[in-house]
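>>> Need coordinates for the below:
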Amino acid sequence: MERHQMPQPNRTCGEAGPWKSISVNKWRNLSLNDFEGLEIPHFFGDLKILRYLNLSFASFAGEIPPRLGNLSNLQYLDLYADSYSSSGTWELRSSNLKWLTALSSLKHLNLGYAKLDSIGQDWLQTFNMLPSLVDLRLHWCELKGLPYSLLSINFTSLSVLDLSENSFNSLIPLWLFNLTGLTELYLTWDFFSGSIPAEFSNLKNLQVLDLSDNLNLEGQIPGLFGNLSKLQSLDLSANNFHGDIHELFSGFSSSPNNKLELLDLSSNSLRGELPESLGLLKYLQHLDLSSNSFWGSIPSSVGSLLALRKLDLSYNMMNGTIPESFGQLSRVVDMNLVANSWKGLLSETHLMNLRRLQHFRLTTERTRSLVFSLPDRWFPPFKLTSIQLENCRVGPSFPVWLQVQNELTSVILKNAGIADSIPGKWFSDLSAQVTYMVLSQNQIRGKLPQQLHFPYLNAIDLSHNYFEGPLPSWSTNATDVFLEENSFSGSIPENIGVLMPRLQKLYVFTNHLSGRIPSSMCDIEGLQILSFGNNELSGELPNCWYRSLMFWGIDISNNSLTGNIPSSFGFLSSLSVLLLSNNNLGGEIPSSLQNCSGLTSIDLGGNKLSGSLPLWVEKLSSFFMLRLGSNFFSGSISDQFCSLQNFHILDLSHNKISGPIPKCIGNLTALVHGNGNDVFEGLIKVVTKGRDPEYSSVVANLNGINLSGNNLTGEIPEEITNLYALRILNFSSNSLTNSIPEKIGNLKLLESLDLSHNHLSGAIPQSLTYLVSLTRLNLSYNNFSGRIPLVPRFNDSSIYDGNPLLCGAPLPTKCVDK
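Take a look at the predicted model:
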C-alpha cells in the first residue's frame, strides 16, 4: 500500500497504558499509531514467541532496544521510522546492531529512516550474518561507508534490497552481483559514480532496478538490460549518462519477449534520434525520456506500444513530426511533449483513438509550425483533466473539441492562434473545478461573463488578447491574476477586496480602465504586486495601506491620478518598487517612505511634485533607482545622496534644483564598479513584466546620472571621473562653468555625454578621444575654445554649435597655428 493511501494513525499516549493490553501471540502489529516519541518498550524483547513484529509509522523514538535480539523465532521485523505524527518529529536510532546476528530466522527487516550513522563502517557485516534474510530495507539510514567487495557473502537469499538515500559516494560495489536471487534493487540517491558494471547481467531474476538520482553515474547505457528477461522496471533518471540509446534498445531487440513496463531515462545527457526498436517494448506502460537532448521525429513504431499509459518526451530537442501511429495509443492517459520544437500537422487520425487521454501537454517554438488540422465540428473521444498547448495553431476559431472539454482543472492555451470569442458557458462549466487557466497571447475577443464563482482557482492569465467590456466581478481565491494588454474598460469593482481576498499579484496594465482605485484593495492582506500602468485611472490614491505586509511592488504609472502620494505607503514594510510616473500627483514626497527599509526603486517622474529632494534616502542602503524628473522640486543636492552605495540610476532632470554638484559624487560606489544591479533590475522587470517603454527605459539608463534642465551652478567636479562604470552622463541645460575635467577619458564605458547649454569654457580635453564606447555626444552652446580633438565617430558639426571659439573638423572654421 502506498503512503498516501494509508489510513490515519491511531493516537496512543501515556507511559504504561498502551502496553497493558498486549497479549502474547506470534503476531504483533502496532503500525500506523502515534506513540508521540515514546521509546520502544524493552519488554518486547521478552516476547520470545513472536515471529512478526511491525512497529512502522508509529512515531517511536530513542535507541532501538538490543533486547529485541532475544526474539530468536522472529521472521518479520519492521521498524520503519517515518511517521504521520502531527505532534513532532521523532528520531529512532541505533548505535549498535550486533544483536541482529542472533535473529537467524529473520527474513524481512525494514529499518528505513532509523538513524544508523553511529554503527560504524563495518555495518554491512552485521546484515551479512543473517542467512535467512530475504527482504532488507535500509532507506535513508545515514549509513557510512559501503565496501566495494566482501570476502564472503552469507545473505545470498536476498530477494529485495533497498539501500537508497544513504550518500555512499562510491562506485557500485561488486558484491551486489553475487546476490543472484535479487528481484528488486533500490540504489537511488546514493551518489554512486562511474559507469554501469557489466556484472549486472548476472542478476537474471531482477524485476525492479532503481539507480535514479545518483547524479554521477555516467557513460553510455549498455544493452545488457535487454537480456534481463524478467526486468519490469528500469529507472536510470537524474544521472549523467550520455550518448544515444541505440545500444540499450539493441539489447531489447535480441529479447523480443521482454517484460519491461517502466523505463525512466529522464534528466540525463542522452542525445540522438529515438530508435524504431522502441516499438519492441510491447508491455511498456510508463516511458519517460524527458530532460535530455533527443532530436528528430517520434518513430512510427510508437504505435506498437499498446499498453502505454504515460509518455513524457518533454524538455528535449525534438524537431520533427508526430506520426499518425500516435493515434493507436488507446490506453495512454498522460502525454507530455512540452519544450520541444515540433512541426507538422496533427489530424483526426492522431487523436481519434485516445479514449483514455486525461493529460495532454504539447508545446513548440514560436518559429515552428505545428498545426491542429481537425474538422470544425470534430468531437473528441476523450475528456481531458488538463491541457497545455503553446505556440501550436489551434485557431482561428475556438474549436468544438475544446469547447466540450468541461472537466478541465488546468488549461493552458497560450499563443494558440485563437481569434474568436469564447462562449460564456465554457467559463461557467469550468468554474467549479478549474485551478489554473491561461489563455494569453491570442486574439480572443468579446466580453467575459460577469458573475462567476471559482472556488479552486489559483491563477488566471488572460493577458495579451482583445477582451473588452468591464473587468469581470469573479469571486475567486486566485493568488495571481493577469489581465494586462487587453481592452477592458470601466472601473475596477469596488468590492474587489471581497471578491479576491487571497490576491497576491494583479496585473491589469495597458487597458482602458477609468475611475478610482477602490479602497477595498487595502483589505487584501497578502497583496504583493499591483500593476495598473497605462490606463485612464483618475482621482486620489486610497490612503489606507496598513494591512498589506507583503506588498512590495506598485506600478500605477501613465494614468491621470491626482492628489498626494499616500502617507500610509510608509506602513508597507516590504515595499521595494514604487512606480507612479506620468500622473498629476502633487505635494511633497511623504517622509513616511523612509520607514520602507527595503525600498530600492522609485520613479515619480512626470508629475507635479514639489518641495526639497528627500534627504531620508540616505537611510536606504539598497537604493537602486531614483527618478524624479519633470517635477517642481527645488533646493540643492545634498551630500547625503553620496552615501548611497547601490545607486545605479539617478534622474533629477527638469526640476528647479540649484546650487553646485556635490564633489562627493565620486563616492557612488555602484557607479565605480558597476556590479550588483541584476537583482534590483529584476525586481522592476517583475513589477512591469518587462513592458516597453517602462522597463526598456530602466535598462537604457542603467548606470546613468541625469541632472539636466535645472539651475545647477559651479564646476563639474573632478571626482566624477572616478565613476568608471558610468554609461550615461547628462548635465545639459544648467549654468555650469569652468572646464570639462581633464580626466574625462577615464570613463571608458561612457556611451552618452551631454553637456550642452551651459557656460563651460576652455579647451575640450584631448582625453575625450579615449571614450571608445561613446555613441552620443553633445557639447553645443557653451564657451569652449581651441581645436576640437579628433574623434572620427563624431563628424556632425551640430555637436559643437554655439561655441564660436572652437575650430577644426567637423566645423568649417580652421585653426590658425601659432
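>>> helix or strand right after the top helix by length along the chain?
Taking DSSP state H as the criterion, the chain has its longest helix at helix 678-688. Per DSSP states H and E, helix 678-688 leads on to helix 694-700 as the next helix or strand towards the C-terminus.
>>> residues of the longest helix of the chain that come out buried?
F680, E681, L683, I684, K685, V686, V687, T688 (16 or more other C-beta atoms under 10 Å). C-beta here means a position set from N, CA and C on the backbone, and glycine is covered the same way.
>>> now, among those, which is nearest to L650?
F680 (13.7 Å; C-beta to C-beta).
>>> any idea how far the closest one lies from D692?
19 Å (C-beta to C-beta, to the nearest Å).
>>> One more: L779?
L779 is 30 Å from D692, by C-beta to C-beta.
>>> More neighbours: which of those two?
L779 (24 against 8; other C-beta atoms under 10 Å).
>>> Contact partners for P741?
Contact partners of P741, counting by C-beta atoms under 8 Å, 6 or more residues apart in numbering, are I716, P717, E718, I720, T721, P765.
>>> Just the buried ones among those, please.
Neighbour-count burial within those applies to I716, P717, I720, T721, P765; the criterion is 16+ other C-beta under 10 Å.
>>> contacting residues around the residue positioned nearest the centre of the chain?
In the chain, the residue lying closest to the centroid (C-alpha atoms, centre = their mean) is V686, at 12.8 Å. Each residue near V686 by C-beta under 8 Å, 6+ apart is listed here: I529, G553.
>>> So it versus P222, what's the distance?
For V686, the distance to P222 - C-beta to C-beta - is 47 Å.
>>> and stretch 372-389, how far from the chain's centre?
29 Å (C-alpha atoms, centre = their mean, to the nearest Å).
>>> returning to what we had before: pick out whichever of the buried ones among the contacts of P741 sits closest to N559.
I720 (35.9 Å).
>>> Give me the distance between that closest one and L615.
21 Å.
>>> got it, and I298?
65 Å.
>>> Determine which two of the buried ones among the contacts of P741 are furthest apart.
Within these, P717 and P765 form the most distant pair, 14.8 Å apart (C-beta to C-beta).
>>> which intervals of this protein have sub-threshold pLDDT?
Scanning the chain with the threshold set as pLDDT under 70 gives 1-24, 84-88, 818.
>>> Would you check that C642 makes contact with I661?
No - at 10.5 Å, C642 and I661 do not qualify as touching, with contact defined as C-beta atoms under 8 Å.
>>> Please identify which of these two sits among more neighbours.
Ranked by neighbour count (other C-beta under 10 Å), C642 and I661 place I661 first, with 23 against 19.
>>> Is G45 in a helix, a strand, or coil?
Using DSSP: H, G, I helix; E, B strand; the rest coil, the structure places G45 in helix.
>>> Measure how buried it is and give me the count.
17.
>>> helix, strand or coil for the nearest residue to it once chain neighbours are set aside?
Nearest residue to G45, sequence neighbours excluded (C-beta to C-beta, 6 or more residues apart in numbering): R67, at 2.7 Å. With three-state DSSP as the basis, R67 sits in helix.
>>> Show the contacting residues for R67.
Going by C-beta under 8 Å, 6+ apart, the list of residues near R67 reads H42, F43, F44, G45, D46, W99.
>>> Run through the residues that contact the last one.
In this case it means W99. So W99 contacts P66, R67, L68, G69 (C-beta under 8 Å, 6+ apart).
>>> do that again at 6 Å, thanks
By C-beta atoms under 6 Å, 6 or more residues apart in numbering, the contact set of W99 is P66, G69.
>>> part of a helix, is it?
Yes - checked against three-state DSSP, W99 lies within a helix.
>>> how close does it get to S157?
20 Å.
>>> again, but for the fourth one
Applying C-beta to C-beta, one obtains 25 Å for the distance of G45 from S157.
>>> just the second one next, same as before
Distance, F43 to S157, by C-beta to C-beta: 31 Å.
>>> Tell me which of these two has more neighbours.
Between F43 and S157, counting by other C-beta under 10 Å, S157 is the more crowded of the two (14 against 11).
>>> Name the helix or strand for the more buried one, please.
Judged by DSSP H and E, S157 forms part of no helix or strand.
>>> Distance-wise, check it relative to K107.
For S157 relative to K107 (C-beta to C-beta), the value is 8 Å.
>>> just D555 next, same as before
For D555 relative to K107 (C-beta to C-beta), the value is 66 Å.
>>> Now do the contacts for N701.
I649, I728.
>>> Next one: the nearest residue in space to S610 that is not next to it in sequence from G539, what distance?
Among residues not flanking S610 along the chain, F632 sits closest, at 4.2 Å (C-beta to C-beta, 6+ apart). Separation of F632 from G539 (C-beta to C-beta): 21 Å.
>>> Near W378, how many other residues are there?
Neighbour number of W378 under other C-beta under 10 Å is 14.
>>> That one contacts P399, doesn't it?
No - applying C-beta atoms under 6 Å as the test, W378 and P399 come out as separate, 7.3 Å apart.
>>> just checking, L136 touches N110?
No - if you go by C-beta under 6 Å, L136 and N110 don't touch, sitting 8.1 Å apart.
>>> buried residues in stretch 485-494?
Residues of stretch 485-494 classed as buried: E485, N486, F488, I492, P493 (neighbour count, 16+ other C-beta under 10 Å).
>>> whoops, I mixed them up, stretch 463-483
463-465, 467-468, 471-476, 478-483.
>>> Pull the distance from that stretch to the chain's centre.
The answer for stretch 463-483 is 23 Å, by C-alpha atoms, centre = their mean.
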